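In: What follows is a predicted structure for the sequence shown.
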There are 2 protein chains.
Amino acid sequence: MTQATTSGRPPGRPRSGVTDVVFAATLSTVHELGYARATVDRIAAAAGIAKTTIYRRWPSKGALIVDCLLDAFGPVPLEGASRAELMSSAIRWIAAKIGEPGVGDAFAGVFSDAVSDPALREVLSARLQDPYRLALQDALGEPENRVLFFIDVVVGTLLHRMGMTGEPMDDADVAALVEMVLPRFADGAGHT
Amino acid sequence: MTQATTSGRPPGRPRSGVTDVVFAATLSTVHELGYARATVDRIAAAAGIAKTTIYRRWPSKGALIVDCLLDAFGPVPLEGASRAELMSSAIRWIAAKIGEPGVGDAFAGVFSDAVSDPALREVLSARLQDPYRLALQDALGEPENRVLFFIDVVVGTLLHRMGMTGEPMDDADVAALVEMVLPRFADGAGHT
DNA sequence: TAGTTTCGCTACCAAAAGTATCGATACCGA
DNA sequence: TCGGTATCGATACTTTTGGTAGCGAAACTA
């Protein structure tokens, strides 16, 4: 529950370690009620803590969701013998993550909020998109604009399906997405 | 200002023809302030009418935006000698429409709201997506799931770019999108 | 025990969607 | 010209929700 007591810890009551509980409560609440009805009050109740405690740690609901998604996603598994395998596994990985209960709704939800909130858009871009963009640039040796386009296509397609149907994309269509994207990225062909 | 007075009109004061003014006010307000700050109050003020008048015609803000988008988009220009030309022009058409001031923001905004509002999602799917889906199925002779996938890719990509950057996709990337999509749709190749 | 910080709790504010009411107005038919 | 009817603008209201303020209690250090 409490932090390690090794070195110069600041005085006062230590913060209780509730981030994991809050993340789990966030995803399950979003999964049960949808993004809009997953109010901060309800998330706090599901986590068994007070709403004010959430606002002591995260400056806004959007920032909480972004952190929650960061925790849910983790690093991209950029593995594969060839570029084709690497990109294929990355696409299937993000598709599977978005299909996990609550994750897709939360993702589409923050994305929606970011449309009319430049500050949240900045958070979303810098905290969530940039790490994956940089990892992809590094692994593929592609310029920034190509990787951004790749992300637009893959994530945009998956979120559009999620937003229009409420369900994640099935395996067959994910496979079609892989087959559509790969020829323009897997080898040196194609450019912007 | 008033309706035609030809035949059996219902008694009472006729509705004033303000839909065009409201649509224009909606787009310009969304363009100026963004989706979230384009409240119904402000839209009504921009249109020079009362908020209650808007709610007499549209049951919700989402329905208003969908109608506004329907009016802004109009029918798809499905023309072109070959399938490739037809699809290419359709993609460029929707990209250009989304790039028009206010349209992209409004589109991304309702889409966002629809994520956590099944009723609005139904409106969005039936009123906005289905007409274009059916027209494409008819023009291309493709099954429903293929056309839905096509729409997911094209619209999803364009909206993701709009949502992450706040700016519509530029011509070069739209061209890249066309080149990516065409080979999997323009001929009989590829299937889900 | 004194000092410091976080805790939960309650109350609160502001914004915005949507509703209710009411007098005024515009149209029809007689 | 005069009722009948339905819409108009205006105002006030309810409800929900993100976010803030203040307070006494609890947890930790020295």
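Out: Now that the structure is in, tell me what you want to look at.

In: Name the SS class of the residue of chain A found nearest DNA strand C, please.
Out: Nearest residue of chain A to DNA strand C, counting by Cβ to the nearest atom of the strand: A:G12, 1.7 Å away. Yep, even glycine has a C-beta here, placed from its N, CA and C like the rest. Following DSSP: H, G, I helix; E, B strand; the rest coil, we place A:G12 in the coil state.

In: do the same with the one 3 residues further on
Out: Assigned state for A:R15: coil (three-state reduction, three-state DSSP).

In: Now for it, how many residues are close by?
Out: Using other Cβ atoms under 10 Å in any protein chain shown, A:R15 has 13 other residues around it.

In: for A:T157, same thing?
Out: What A:T157 shows, counting by other Cβ under 10 Å, is a neighbour count of 28.

In: That one: helix or strand, and which one exactly?
Out: Using DSSP states H and E, A:T157 maps to helix A:144-165.

In: Beyond that helix, next helix or strand please.
Out: Immediately after helix A:144-165, counting by DSSP H and E, sits helix A:171-181.

In: rounded to a whole number, what's the mean pLDDT of that following helix?
Out: Regarding helix A:171-181, the rounded mean pLDDT is 97.

In: In that helix, which residues are buried?
Out: Neighbour counts over helix A:171-181 (16 or more other Cβ atoms under 10 Å in any protein chain shown) mark A:173-178, A:180-181 as buried.

In: Check stretch A:67-76 too.
Out: Buried residues in stretch A:67-76, counting neighbours by 16+ other Cβ under 10 Å, are found at A:67-69, A:72-73, A:76.

In: Next step: these restricted to helices.
Out: A:67-69, A:72-73 (DSSP state H).

In: May I see the residues you listed organised as TSV, with pLDDT and distance to DNA strand C added?
Out: Shown next, in TSV, are these (pLDDT from 0 to 100; distance: Cβ to the nearest atom of the strand, whole Å):
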residue	pLDDT	distance to DNA strand C
A:D67	97	15
A:C68	97	17
A:L69	97	22
A:A72	97	22
A:F73	97	25
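
In: in which helix or strand would I find A:D41?
Out: Here A:D41, judged by DSSP H and E, is contained in helix A:40-47.

In: ok, stretch A:120-135 near DNA strand C or not?
Out: No. Using Cβ under 7 Å from any atom of the strand, stretch A:120-135 stays clear of DNA strand C, coming no nearer than 14.7 Å.

In: Could you list the residues in contact with that stretch?
Out: Residues outside stretch A:120-135 that contact it (Cβ atoms under 8 Å, 6 or more residues apart in numbering or on different chains): A:60, A:62-63, A:66-67, A:69-70, A:73, A:75-76, A:78, A:110-111, A:113-115, A:144, A:147-148, A:151, B:163-164, B:166.

In: Also near DNA strand D: which of those residues, exactly?
Out: Applying Cβ under 7 Å from any atom of the strand, the subset of the contacts of stretch A:120-135 adjacent to DNA strand D comprises A:60, A:62.

In: For A:P75, what are phi and psi?
Out: phi -70, psi 150 (degrees, to the nearest 10).

In: ok, so what distance separates it from A:V174?
Out: Noted for A:P75: a distance of 20 Å to A:V174, by Cβ to Cβ, to the nearest Å.

In: Tell me the spacing between the spatially most central residue of chain A and DNA strand D.
Out: The centroid of chain A falls nearest to A:L69 when counting by Cα atoms, centre = their mean (3.9 Å). Using Cβ to the nearest atom of the strand, to the nearest Å, one obtains 16 Å as the distance from A:L69 to DNA strand D.

In: A:L136 now?
Out: On the measure of Cβ to the nearest atom of the strand, A:L136 and DNA strand D end up 30 Å apart.

In: A:A24 too?
Out: From A:A24 over to DNA strand D the distance is 18 Å, taken as Cβ to the nearest atom of the strand.

In: Can you give me every residue that contacts that residue?
Out: A:A47.

In: Now whichever helix or strand it is part of - C-alpha only, CSV.
Out: Following DSSP H and E, one finds A:A24 within helix A:19-33. In CSV, the C-alpha atoms belonging to helix A:19-33 read as follows (Å, rounded to 0.1, in the frame of the first residue of the first chain):
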residue,chain,number,x,y,z
THR,A,19,-3.2,3.9,-9.5
ASP,A,20,-3.6,0.2,-10.5
VAL,A,21,-7.0,0.1,-8.8
VAL,A,22,-8.1,3.3,-10.5
PHE,A,23,-7.0,2.0,-13.9
ALA,A,24,-8.9,-1.2,-13.5
ALA,A,25,-11.9,0.7,-12.2
THR,A,26,-11.7,3.0,-15.2
LEU,A,27,-11.6,0.3,-17.8
SER,A,28,-14.4,-1.8,-16.2
THR,A,29,-16.6,1.3,-15.7
VAL,A,30,-16.1,2.4,-19.3
HIS,A,31,-16.8,-1.1,-20.4
GLU,A,32,-20.0,-1.4,-18.4
LEU,A,33,-21.5,2.1,-19.0
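
In: ok and that helix relative to helix A:40-47, angle-wise?
Out: 120 degrees (axes from the mean of the first three to the mean of the last three Cα atoms, to 10 degrees).

In: and stretch A:21-28, does that touch DNA strand C?
Out: No. Contact between stretch A:21-28 and DNA strand C is absent, the nearest approach being 9.6 Å (criterion: Cβ under 7 Å from any atom of the strand).

In: what comes up buried for that stretch?
Out: A:22-28.

In: As TSV, those with distance to B:L136 and pLDDT would be great.
Out: Putting the buried residues of stretch A:21-28 into TSV (distance: Cβ to Cβ, whole Å; pLDDT from 0 to 100) gives the following:
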residue	distance to B:L136	pLDDT
A:V22	44	98
A:F23	41	98
A:A24	42	98
A:A25	42	98
A:T26	38	98
A:L27	36	97
A:S28	38	97
